[in-house]
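A.B. asks: Generate coordinates for the sequence data below:
(one chain, ligands or ions: 2)
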Amino acid sequence: MSINVLNRNIDEVKDAESRRQLEYIERARQKVSELEKELGRKPRACVVTFGCQMNARDSEKLLATLTLAGYEESESEDADFVLYNTCTVRDNADQRLYGRLGQCSNFKKKNPHMKIGICGCLMQEPSAVEKIQKSYRFVDLIFGTHNIYKFAELLNTCLESDRTIIDIWKETDRIVEDLPVLRKYSFKSGVNIMFGCDNFCTYCIVPYVRGRERSRSPRDIIREIEKLSADGVKEVMLLGQNVNSYGFDFSDGDSDKISFARLLEMVCEVEGIERVRFMTPHPKDFSDDVIDVIAGNPKIARHIHLPLQAGNNEVLRRMNRKYTREQFIALADKIRERIPDVAITTDIIVGFPGEGESEVDDTIDVVRRVKFDNAFTFIYSKRAGTPAAGFEDQVPEEEVKKNFDKLLKVVQETAKEQASKLKGRCEKVLVEGINEQDSTLLTGRMSNNTLVHFKGDESLIGQMVDVSLDECHGFYYMGSLLDT
Ligand code: 5AD
Ligand code: SF4
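C.D. replies: Numbering: from 1, shown residues only. Ligands and ions are numbered 1, 2, ... in the order given. Down below sits the predicted model:
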């Protein structure tokens, strides 16, 4: 783990709110050090993350605050401060949280000093907060997505009080820069380029819990990436719910108003950055200039995650996706033609209201034509407050399951076929760590996001190396390190 307090000297931190939070961290340090004396050991903190890459990045900031306040990071929830960073995109994410909370209450019974906090997307839903207040009364701190930057302040209040602290904002238009971050990997990092979503796909809760689109200024983004690079980071992943509408919220004439394509170019120019990824683009905004920039710039990963969601035009219309199957296929064809070797992956939802077998057959047809290199398939989950939750033609569970299995089979066949195409090639891979099953092997990631395992020395972790792809095992490769 590597701590990255952007600008260590508090006086040099340009954002006043961030400075205020750093002062709160100082105050929390005193309380945590008193706790340390009382416990006779260093207090431990555990952050549990559910959901997407944006949440993972938020958790790196939450953990940095806890660590700087004096807690030792713990993988186990048998800790002195446990914070759940929640997701609400699908129903199972809620259920998983409630399961974990139940277990966590047992730790709290044994440890009277323990504090339990919950934050993130699910906490933006009043019904979930009510449920926690009623059924999980042992929770000490609840906050949402918009005031996550105030965590140091909330931590102080929580350490001082025996009551449950609840602070949830409906929205915010601010972006707080320069918060401390505790990165999970020393050599790669996510970088938020924008927050929120304005698309309102009818099944999706995100626009309600993450608010309207807000882009960070290109200067702040580049400054952060330069610091990351100076700190040893080689790969960055630009994060946003809808990255290719980056900058749409800046007013015309604003010097900050640049396109996503231009931002990508600027990021590639940062010295020391060897690979650039981004997640997630929306097919409706995927313009030719972005394709051109990727095609002309080998630093940009040969991987595009392009969520299809459905392949039937009526379903797409009712989802409010703003493209047709024909437009999606044409876009994918254009990407494959302009960027040879690119892997295209996708998200697909099965069981959206009104989607029967013949509609899913249309989705299967798109999967076959586009030949996705991988696809995340989800069963439609009804989210209260979204338009689709009120649609009358909800599909019975059994039918959804049947259609889901049918789709999954084709998705797996296509992905396998695509993966096997790389056999015998030599690829640049970023070595990410020691293989979990076999400690004599290293695991690296190719530009197209495929993993390869090969013999090599631990000292290569974080390096970009050449590997030959010897054997394809379904979704990953076994390879051998090449001398460079
Ligand atoms: N039900 C099922 N899947 C959903 N997603 C978003 N909302 C829902 C929902 N209500 C999926 C979409 C999106 C991914 C992150 O989660 O496929 O791309
Ligand atoms: Fe949800 Fe659609 Fe926004 Fe993605 S683009 S976060 S699916 S509303």
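A.B. asks: those helices in the stretch 51-200 of the chain, which residues are they?
C.D. replies: Taking DSSP state H, counting those that start in this stretch as the criterion, the stretch 51-200 of the chain carries its helices at 53-68, 91-110, 126-135, 151-160.
A.B. asks: Figure out which of the ones you listed is closest to ligand 1.
C.D. replies: If you check each of these against ligand 1 by Cβ to the nearest ligand atom, helix 91-110 wins as the nearest, at 7.9 Å. From N, CA and C alone the C-beta is placed, and that goes for glycine too.
A.B. asks: circling back to that earlier point, would you single out the least confident of the helices of the stretch 51-200 of the chain?
C.D. replies: Taking the average pLDDT of each of the helices of the stretch 51-200 of the chain, the minimum falls on helix 91-110, with a mean of 91.
A.B. asks: how about it against ligand 1, any contact?
C.D. replies: No: using Cβ under 6 Å from any ligand atom, helix 91-110 stays clear of ligand 1, with a minimum separation of 7.9 Å.
A.B. asks: Which residue ranges make up each domain of the chain?
C.D. replies: Taking automatic domain parsing as the domain assignment, the ranges for the chain are 4-167, 185-301, 308-421, 426-481.
A.B. asks: Kindly report the residues of the protein close to ligand 1.
C.D. replies: In this structure, the chain approaches ligand 1 at residues 89, 90, 203, 204, 307, 309, 347, 349, 378, 380, 381, 383, judged by Cβ under 6 Å from any ligand atom.
A.B. asks: spatially speaking, which residue is in the middle of the protein?
C.D. replies: Centroid-nearest residue in the chain, with Cα atoms, centre = their mean: residue 53, separated by 0.8 Å.
A.B. asks: And that residue, how close does it get to residue 184?
C.D. replies: When distances are taken as Cβ to Cβ, to the nearest Å, residue 53 and residue 184 turn out to be 11 Å apart.
A.B. asks: Same check on residue 396?
C.D. replies: Using Cβ to Cβ, we find residue 396 at a distance of 41 Å from residue 184.
A.B. asks: same question, residue 345
C.D. replies: Applying Cβ to Cβ, the value for residue 345 to residue 184 is 22 Å.
A.B. asks: out of these two, which sits in the more crowded spot?
C.D. replies: Per other Cβ atoms under 10 Å, whichever of residue 345 and residue 184 has more neighbours is residue 345, with 19 against 16.
A.B. asks: Of all residues in the stretch 251-400 of the chain, which one is closest to ligand 2?
C.D. replies: Of the residues in the stretch 251-400 of the chain, the one nearest ligand 2 is residue 282, at a distance of 5.3 Å by Cβ to the nearest ligand atom.
A.B. asks: For that residue, the count of nearby residues, please.
C.D. replies: The burial metric for residue 282, expressed as a neighbour count using other Cβ under 10 Å, is 20.
A.B. asks: who in the stretch 101-250 of the chain is up against ligand 2?
C.D. replies: For the stretch 101-250 of the chain, the residues in contact with ligand 2 (Cβ under 6 Å from any ligand atom) are 197, 199, 200, 201, 204, 206, 207, 241, 242.
A.B. asks: ok, now with 8 Å
C.D. replies: Residues of the stretch 101-250 of the chain found near ligand 2 (Cβ under 8 Å from any ligand atom) are 197-201, 203-207, 210, 241-242.
A.B. asks: Neighbour-wise, give me the winner out of these.
C.D. replies: Each of those was scored for neighbours by other Cβ under 10 Å, and residue 203 scores highest at 26 neighbours.
A.B. asks: contacting residues for it?
C.D. replies: Counting by Cβ atoms under 8 Å, 6 or more residues apart in numbering, residue 203 makes contact with 319, 349, 352, 380, 381, 383, 386, 388.
A.B. asks: Selection in ChimeraX covering whichever of the residues you listed are buried, please.
C.D. replies: Isolation of the buried members of the contacts of residue 203 (16 or more other Cβ atoms under 10 Å) is achieved in ChimeraX through the command below:
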select :319,349,352,380,381,383,386,388
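A.B. asks: quick one: residue 322 and residue 328, what's the gap?
C.D. replies: Using Cβ to Cβ, we find residue 322 at a distance of 11 Å from residue 328.
A.B. asks: got the residue ranges for the helices in the stretch 201-350 of the chain?
C.D. replies: With DSSP H, counting those that start in this stretch as the criterion, the stretch 201-350 of the chain has helices spanning 206-210, 218-230, 260-269, 288-295, 313-319, 325-338.
A.B. asks: same for the first one, what does it pack against?
C.D. replies: Just to be clear, that refers to helix 206-210. Taking 3 or more Cβ pairs under 8 Å, 6 or more residues apart in numbering; DSSP states H and E as the contact definition, helix 206-210 has no neighbouring helices or strands.
A.B. asks: Measure how far it is from the centre of its chain, please.
C.D. replies: Relative to the chain's own centre, helix 206-210 is displaced by 15 Å; criterion: Cα atoms, centre = their mean, to the nearest Å.
A.B. asks: Give me the buried positions along stretch 319-337.
C.D. replies: Neighbour-count burial for stretch 319-337 [16+ other Cβ under 10 Å]: 319, 321, 323, 325, 327, 328, 329, 331, 332, 335, 336.
A.B. asks: which ones among those come in contact with ligand 2?
C.D. replies: On the criterion Cβ under 8 Å from any ligand atom, residue 321 are the entries of the buried residues of stretch 319-337 that sit beside ligand 2.
A.B. asks: Same list (the buried residues of stretch 319-337) but as JSON lines, adding pLDDT.
C.D. replies: As requested, these are arranged in JSON lines below (pLDDT from 0 to 100):
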{"residue": "319", "pLDDT": "98"}
{"residue": "321", "pLDDT": "98"}
{"residue": "323", "pLDDT": "98"}
{"residue": "325", "pLDDT": "98"}
{"residue": "327", "pLDDT": "98"}
{"residue": "328", "pLDDT": "98"}
{"residue": "329", "pLDDT": "98"}
{"residue": "331", "pLDDT": "98"}
{"residue": "332", "pLDDT": "98"}
{"residue": "335", "pLDDT": "98"}
{"residue": "336", "pLDDT": "98"}
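A.B. asks: ok, and what's touching the strand or helix carrying residue 453?
C.D. replies: Here residue 453, judged by DSSP states H and E, is contained in strand 451-455. Residues outside strand 451-455 that contact it (Cβ under 8 Å, 6+ apart) are 427, 429, 435, 438, 440-446, 467, 469, 475-481.
A.B. asks: quick one, what contacts the nearest residue to residue 176 once chain neighbours are set aside?
C.D. replies: Here the nearest residue to residue 176 in space, its sequence neighbours aside, is residue 149; by Cβ to Cβ, 6 or more residues apart in numbering that works out to 3.9 Å. Contacts were defined as Cβ under 8 Å, 6+ apart; by that measure residue 149 touches 17, 18, 21, 61, 176, 179.
A.B. asks: quick one, what contacts the last one?
C.D. replies: Each residue near residue 179 by Cβ under 8 Å, 6+ apart is listed here: 6, 18, 21, 61, 64, 65, 149.
A.B. asks: shaky segments in this protein?
C.D. replies: Low-confidence segments of the chain (pLDDT under 70): 1-13, 484.
A.B. asks: separation between the residue nearest to residue 160 when sequence neighbours are not counted and residue 246?
C.D. replies: Excluding the flanking residues, the one nearest residue 160 by Cβ to Cβ, 6+ apart is residue 31, at 7.4 Å. Distance of residue 31 to residue 246, given as Cβ to Cβ: 40 Å.
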